[in-house]
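Q: Coordinates for the following, if possible.
(one chain, ligands or ions: 2)
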Amino acid sequence: MFVVMARTATEAEILGVKSHILAEGMTPYDHVGADRIVIAVVGEVGPRRQELMSRLAGLPGVETITPISRPFKLTSREFHTEDTIVRVLDAVIGDGGLTVMAGPCSVESRDQLLETAAFVKGHGATVLRGGAFKPRTSPYSFQGLGVEALRHLAEASQLTGLPTITEVMEPNQVDIVAEYTDILQIGARNMQNYSLLNAAGRVARPVMLKRGFGATIEELLMAAEYIVAAGNPNVILCERGIRTFETYTRNTLDLAAVPLLHHLTHLPVVVDPSHATGKRWLVKPLAIGGAAVGADGIMVEVHPRPDEALSDAEQQLDHAQFADLMTALLPVHEHVRSLHGDPLVTGPALGIGAGALSKH
Ligand code: PEP
Ligand code: MN
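A: Ligands and ions are numbered 1, 2, ... in the order given. Sure, this is the predicted structure:
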């Protein structure tokens, strides 16, 4: 449930409500909205729900108590109606602009990373990606350069000014990854690794959580809920394709997830057409598709010589292909940006006014 405080509620009244919630063995999470404070009551409430609701309703400064209809609470739009905007160095994710996260699948050498970092920065990327700890299907495949790659990412960030994102695979890697890079990525294979989600929730870095290839949208949001409940509100979601019966593509990109997630949650949503398709010639049309359905960002793999790449060689774009993608992508984003609102609020189709204005 949420406790909606009156606009006129005092600090003491807000504290009073929170200590009451704590005394009940529940956890209060407050969200300072545009004009009032809303406090989510999270925990196992059981049969005392009605009684607790009426007791909270009677406390000074409380306007109403609203039940939360979704299993995810802190990540739900019901609790937090405004979009979450994640800011990291000069990148702003979720403000209506299009974040472009680009860089190699794996950091393979200092030169390889710096070459691609400078190129993608020059062509409009706003975040630099590069894998250091790689989750590979085979134990005999390249596993990443580890800490050496983190050092290269830090240097590339210093040279270009781009914030960096890299995958963290285990709770004990969280601190070192947070020391060298700006955004922690939790990969599809680890979406429900709860100790990792909790560890990422305790660090002062934004986290991008990728959808597991067998995970529903609700499971993705419940996983994000772990990170937010552990104390980190700066979560970005990533749709990177799910496994279906189709084999021509590596995964099936679920583009409907983007407007659905925007309806269900306040968190920004990024689309990764590289891992979704596994084929470089499909990356451009699906990146454009992601922008068209309102994604807050696109993550795309770029390598100076993709054919020589140590991982995901078939899906990485070369520099010229990335430049070409950006030329197509940015105008699409500009064009569709004004058309998006929440369809359930503003009407049955894209292109309808008021909600679009309030969203961006
Ligand atoms: C990646 O982005 O490097 C990656 C391994 O992606 P995913 O977890 O989506 O497979
Ligand atoms: Mn990859």
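Q: what's the longest helix in this protein?
A: The longest helix of the chain (DSSP state H) is helix 319-337.
Q: packing partners for that one?
A: Where contact means 3 or more Cβ pairs under 8 Å, 6 or more residues apart in numbering; DSSP states H and E, helix 319-337 is packed against strand 99-103, helix 110-122, helix 280-292, strand 297-301. Just so you know, the C-beta spots here come from the backbone N, C-alpha and C atoms, and that holds for glycine as well.
Q: Show me what the third one is packed against.
A: Put plainly, it is helix 280-292. strand 269-271, helix 273-277, strand 297-301, helix 319-337.
Q: how about the CA coordinates for stretch 224-241, as CSV?
A: Below are the C-alpha coordinates for stretch 224-241, written out as CSV (Å, rounded to 0.1, in the frame of the first residue of the first chain):
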residue,chain,number,x,y,z
ALA,A,224,14.4,-4.6,-10.7
GLU,A,225,12.4,-4.3,-7.5
TYR,A,226,15.2,-6.1,-5.6
ILE,A,227,17.7,-3.5,-6.6
VAL,A,228,15.5,-0.6,-5.8
ALA,A,229,14.4,-2.1,-2.5
ALA,A,230,18.0,-2.6,-1.5
GLY,A,231,18.5,1.1,-1.8
ASN,A,232,19.4,2.0,-5.4
PRO,A,233,16.7,3.9,-7.3
ASN,A,234,18.8,4.4,-10.5
VAL,A,235,17.8,1.3,-12.4
ILE,A,236,17.6,1.2,-16.2
LEU,A,237,15.8,-1.8,-17.9
CYS,A,238,17.0,-3.4,-21.1
GLU,A,239,15.0,-5.4,-23.6
ARG,A,240,17.5,-7.6,-25.4
GLY,A,241,15.3,-10.3,-26.9
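Q: contacting residues around the helix or strand hosting L220?
A: Under the criterion of DSSP states H and E, L220 resides in helix 217-229. For helix 217-229, contacts defined as Cβ atoms under 8 Å, 6 or more residues apart in numbering pick out 27, 29, 42, 70-76, 191-192, 194, 197-198, 200-201, 207, 209, 211-212, 215, 235, 237, 257, 260-261, 264-265, 267.
Q: Show the buried residues in those residues.
A: 29, 42, 70, 72-76, 191-192, 197-198, 200-201, 207, 209, 211-212, 215, 235, 237, 257, 260-261, 264-265, 267 (16 or more other Cβ atoms under 10 Å).
Q: Please report phi then psi for the closest residue to ligand 2 within the stretch 51-200 of the chain.
A: Residue nearest to ligand 2 within the stretch 51-200 of the chain: C105 (3.3 Å; Cβ to the ion). Phi and psi for C105, reported as degrees, to the nearest 10, are phi -60, psi -60.
Q: Which residues are in contact with the residue of the stretch 101-250 of the chain found nearest ligand 1?
A: At 2.9 Å from ligand 1, G187 is the closest residue in the stretch 101-250 of the chain, using Cβ to the nearest ligand atom. Neighbour list for G187: P135, E167, M169, K210 [criterion: Cβ under 8 Å, 6+ apart].
Q: And V4, by the same measure?
A: Taking Cβ under 8 Å, 6+ apart, one finds R36, V38, V62, E63, T64, I65, T66 in contact with V4.
Q: same check, this time on G278
A: Here G278 is in contact with T249, R250, N251, D312, E314, Q315 (Cβ under 8 Å, 6+ apart).
Q: and if you look at A292?
A: Neighbours of A292 in contact, by Cβ under 8 Å, 6+ apart: V332, V336.
Q: quick one on the thing from earlier: could you check the distance from the residue of the stretch 101-250 of the chain closest to ligand 1 over to M208?
A: 10 Å (Cβ to Cβ, to the nearest Å).
Q: Name the residue most distant from the centre of this structure?
A: G58 (37.4 Å; Cα atoms, centre = their mean).
Q: ok, V38 to H152 distance?
A: 43 Å.
Q: So the two - more neighbours on which side?
A: Neighbour count, other Cβ atoms under 10 Å: between V38 and H152, H152 has more, with 24 against 20.
Q: Pretty sure that one sits against E115.
A: No: using Cβ atoms under 8 Å, H152 is not in contact with E115, being 11.3 Å away.
Q: Can you name the residue of the stretch 251-360 of the chain nearest to ligand 1?
A: H275 (4.2 Å).
Q: helix/strand/coil for S69?
A: Secondary structure of S69, reduced to three states by DSSP: H, G, I helix; E, B strand; the rest coil: coil.
Q: State the number of residues packed around it.
A: 7.
Q: List the residues that contact the closest residue to it other than its chain neighbours.
A: Among residues not flanking S69 along the chain, E78 sits closest, at 6.8 Å (Cβ to Cβ, 6 or more residues apart in numbering). Taking Cβ under 8 Å, 6+ apart, we find E78 in contact with F2, T66, I68, S69, R70.
Q: for W281, same thing?
A: If a contact means Cβ under 8 Å, 6+ apart, then W281 has no contacts.
Q: What of T99?
A: A91, V92, I93, T126, V127, P268, V270, D296, G297, I298 are the contacts of T99 under Cβ under 8 Å, 6+ apart.
Q: do A291 as well
A: When contacts are counted by Cβ under 8 Å, 6+ apart, A291 touches L98, I298, L329, V332, H333, V336.
Q: Out of those residues, give me the one that has the most neighbours.
A: Ranking the contacts of A291 using other Cβ under 10 Å puts I298 first, with 28 neighbours.
Q: what does the stretch 101-250 of the chain have sitting close to ligand 2?
A: C105 (Cβ under 5 Å from the ion).
Q: how about stretch 293-307, does it reach ligand 1?
A: No: applying Cβ under 6 Å from any ligand atom, one finds stretch 293-307 out of contact with ligand 1, separated by at least 6.8 Å.
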